[in-house]
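Novice: pasting the sequence and the predicted coordinates here, then a few questions.
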Amino acid sequence: MATDQKTAEQAASQPAKRPIGRMWTVSAVTVGSLLLSWFLFAWLALDRHIADAAGESVGSGFALLLVVSVIGALRGGRG
């Protein structure tokens, strides 16, 4: 009985782990593919230096993360 009570207390004290949804996985793979494509396009087609092309791709990724963060903060404030 004591073991069941400890297990129940531990389960109540820890937040429930939710699996990552399929939408988030598909979105992350899509964004990663687009950033890689942008890097290759800037490097090979636009003939930019490899460091400049990587910087553009990484900068675009950080800009997308900032947008997602702002949207999450605004949506989180409603609840």
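Specialist: Nice, I can see it.

Novice: residue nearest the middle of the chain, spatially speaking?
Specialist: The centroid of the chain falls nearest to residue 28 when counting by Cα atoms, centre = their mean (6.1 Å).

Novice: tell me which element it falls in.
Specialist: helix 22-40 (DSSP states H and E).

Novice: tell me which residues of the helix or strand just after that helix come out buried.
Specialist: Going down the chain from helix 22-40, the next helix or strand is helix 50-76, by DSSP H and E. Buried residues in helix 50-76, counted by 16 or more other Cβ atoms under 10 Å: 53, 56, 57, 60, 61. No exception for glycine: its C-beta is placed from N, CA and C like everyone else's.

Novice: which residues does the last one contact?
Specialist: The one in question is residue 61. When contacts are counted by Cβ atoms under 8 Å, 6 or more residues apart in numbering, residue 61 is found next to 31, 35.

Novice: do the fourth one as well
Specialist: By Cβ under 8 Å, 6+ apart, the residues touching residue 60 are 35, 38.

Novice: tell me how far it lies from residue 54.
Specialist: Taking Cβ to Cβ, to the nearest Å as the measure, residue 60 falls 11 Å from residue 54.

Novice: likewise for the last one?
Specialist: Relative to residue 54, residue 61 is positioned 11 Å away (criterion: Cβ to Cβ).

Novice: residue ranges in this structure under the pLDDT threshold?
Specialist: Applying pLDDT under 70 to the chain flags residues 1-16, 78-79.
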